[in-house]
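A.B. asks: Fold the following and give me the result.
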Amino acid sequence: DERSRESPAPAEAQMQAGAEGGGRVNRCCWKCSVTQVKKIFWGVAVVLGVCSSWSGSTQLAKLTFKKFDAPFTLTWFATNWNFLFFPLYYLGHVFKSAEKQSPKQRYRECCRFFGDNGLTLKVFFTKAAPFGVLWTLTNYLYLHAIKKINTTDVSVLFCCNKAFVFLLSWIVLRDRFMGVRIVAAIFAIAGIVMMTYADGFHSHSVIGIALVVGSASMSALYKVLFKLLLGSAKFGEAALFLSVLAVFNVLFVTCIPVILYFTKVEYWSSFDIVPWGNLCGFSILLLTFNILLNFGIAITYPTLISLGIVLSVPVNAVVDHYTSEIVFNSVRVIAIIIIGLGFLLLLLPEEWDVWVIKLLTRLKVRKKEELPEGNGDIASGLTNKSRRTRPSMSSFAH
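C.D. replies: Residues are numbered from 1 along each chain as shown. So this is what the prediction gives:
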């Protein structure tokens, strides 16, 4: 009897261990699912933020040019706001980090990104100044294009910068060749040609399209050169770098708006007529867009952030439909769809084909497993039917 009582103990221990293991797995799954839900939730919030800030800044720039026709001055003014990047990052560091550092300590630590000697004068001119020029050109060409063509065309053509980044990365950085991304690049080029054809080959539309394609090219060159010369940056390093661009803008670009003013290329009669509200609003929206674009990956997936840019196209299209005389003919609509499709194809991860093959093989295995079970059910059903229809001998005995 004692042996019979003691013998079930190991089995019970195994059951308890199994239950504990199952509980741990369930907790891990629960934590993973909660984390993923949070990331998706924040992703939706960031997508809406990127979409609204990008489309809002584009529309506000268009509105500003009706009163204040000075795209380079607006570019210079908005770039100065980049100086806020590092102070805003430091505030986040103070609130979130357990080991708080002084601004000087944090600055010195982030300066290591530029090299062992930190941010020297040589590093400033060789590693920061070229990116300051590219940043200014990207924004100026984009804003100048808004003067020439509608915001829908500008926003959709700027989406081609993703294709240009891939082509430059493939040529310069020797990134992995992907057939689907080549197709996306072809879509982008085809969309540009169709967009040019949509309004006819008028001087204003051709110049506007050339300007925004130039802006997208400068943006792509900025990203590829950053990866080539500086590599990847942490959040603090990226914030410091963007603040340094603002310093470069103040020191070396300020002379250009002054020259444009006195040569009456970008002239306004008095400072009272300058729409300071529009200028500050545009700068805040552009700063918000860049903050979400550069630091949004801390709380969500990068792919979701990129979706915000392409979603700004339909927003601008709706606004243009009610505020301008844009004609959405078949050629323009097809061009928008092609460029948008190319942009979405470029968001596919590098191993997307492997994932698709795995998914298809799993589906095939499941179908093969389901078929024998289904045949077994049919066979058992037929045998049951035959038993029911067959007369029982015991019933006739009575």
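
A.B. asks: List the buried residues for stretch 198-211?
C.D. replies: Using 16 or more other Cβ atoms under 10 Å as the test for burial, stretch 198-211 gives Ala198, Asp199, Ser205, Gly208, Ile209, Ala210, Leu211. In this view, the C-beta of every residue, glycine as well, is placed from N, C-alpha and C.

A.B. asks: Out of those residues, name the ones that lie in helices.
C.D. replies: Ala198, Ser205, Gly208, Ile209, Ala210, Leu211 (DSSP state H).

A.B. asks: Which helix or which strand is home to the most centrally placed residue in the chain?
C.D. replies: Among the residues of the chain, the one closest to the centroid is Ser306, at 1.9 Å (Cα atoms, centre = their mean). For Ser306, the host element (DSSP states H and E) is helix 302-323.

A.B. asks: picking up where we left off before, which pair in the ones in helices among the buried residues of stretch 198-211 spans the largest distance?
C.D. replies: Distance extremes for these: the farthest pair is Ala198 and Leu211 at 16.3 Å, using Cβ to Cβ.

A.B. asks: returning to that earlier point: as a markdown table, the ones in helices among the buried residues of stretch 198-211 with pLDDT and distance to Leu344 would be great.
C.D. replies: Listed next are those as a markdown table, based on pLDDT from 0 to 100; distance: Cβ to Cβ, whole Å:
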| residue | pLDDT | distance to Leu344 |
| --- | --- | --- |
| Ala198 | 78 | 21 |
| Ser205 | 83 | 26 |
| Gly208 | 91 | 25 |
| Ile209 | 92 | 22 |
| Ala210 | 93 | 25 |
| Leu211 | 95 | 25 |
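
A.B. asks: Pick the one among the residues you listed closest to Ser55.
C.D. replies: Nearest member of those to Ser55, counting by Cβ to Cβ, is Gly208, at 17.8 Å.

A.B. asks: My guess is that closest one contacts Leu143. True?
C.D. replies: No - the pair Gly208 and Leu143 fails to qualify as a contact (Cβ atoms under 8 Å) at a distance of 11.4 Å.

A.B. asks: the helices in the stretch 151-300 of the chain, which residues?
C.D. replies: Counting by DSSP state H, counting those that start in this stretch, the stretch 151-300 of the chain has these helices, from start to end: 151-158, 161-172, 179-198, 203-229, 235-248, 255-262, 276-295.

A.B. asks: Would you mind finding the most buried of these?
C.D. replies: Ranked by mean neighbour count, the helices of the stretch 151-300 of the chain are led by helix 151-158 with a mean of 26 (mean count of other Cβ atoms under 10 Å).

A.B. asks: about what we covered before: list the helices and strands the helix or strand that the helix holding Ser306 is followed by packs on?
C.D. replies: Per DSSP H and E, helix 302-323 leads on to helix 330-346 as the next helix or strand towards the C-terminus. On a contact count with 3 or more Cβ pairs under 8 Å, 6 or more residues apart in numbering; DSSP states H and E, helix 330-346 meets helix 151-158, helix 161-172, helix 179-198, helix 302-323.

A.B. asks: if we can go back for a sec, check what pLDDT the residue nearest to the centre of the chain gets.
C.D. replies: On pLDDT, Ser306 comes in at 85.

A.B. asks: Could I get the contacting residues of it?
C.D. replies: Applying Cβ atoms under 8 Å, 6 or more residues apart in numbering, one finds that Ser306 lies in contact with Lys162, Phe343, Leu347.

A.B. asks: Quick check: the first one vs Asp116, distance?
C.D. replies: When distances are taken as Cβ to Cβ, to the nearest Å, Lys162 and Asp116 turn out to be 34 Å apart.

A.B. asks: With Thr79 instead?
C.D. replies: 29 Å.

A.B. asks: who has more neighbours, those two?
C.D. replies: A side-by-side neighbour count of Thr79 and Asp116, using other Cβ atoms under 10 Å, places Thr79 first with 24 against 6.

A.B. asks: ok, the more buried one touching Leu134?
C.D. replies: No - Thr79 lies out of contact with Leu134 (Cβ under 8 Å); the separation is 11.6 Å.

A.B. asks: quick revisit: nearest to Leu363, of the helices of the stretch 151-300 of the chain?
C.D. replies: Nearest of the helices of the stretch 151-300 of the chain to Leu363, taken as Cβ to Cβ: helix 179-198 at 21.1 Å.

A.B. asks: what's the angle between the closest one and helix 330-346?
C.D. replies: Interaxial angle of helix 179-198 relative to helix 330-346 (axes from the mean of the first three to the mean of the last three Cα atoms, to 10 degrees): 160 degrees.

A.B. asks: counting contacts, what elements does helix 179-198 pack onto?
C.D. replies: Helix 179-198 packs on helix 151-158, helix 161-172, helix 203-229, helix 330-346, going by 3+ Cβ pairs under 8 Å, 6+ apart.

A.B. asks: so where's this structure uncertain?
C.D. replies: Where the chain drops to pLDDT under 70, the residues are 1-32, 201, 203, 351-355, 370-398.

A.B. asks: buried stuff in stretch 48-63?
C.D. replies: Buried positions in stretch 48-63, judged by neighbour count with 16+ other Cβ under 10 Å: 49-63.

A.B. asks: Among these, find me the one that's closest to Val258.
C.D. replies: Distances from Val258 to those, taken by Cβ to Cβ, are shortest for Ala61, at 21.3 Å.

A.B. asks: After the helix or strand where Ser55 lies, heading C-terminal, what element do we hit next?
C.D. replies: Assigned by DSSP H and E, Ser55 belongs to helix 8-64. Downstream of helix 8-64, the next assigned helix or strand under DSSP H and E is helix 71-80.

A.B. asks: Alright, that wraps it up for me.
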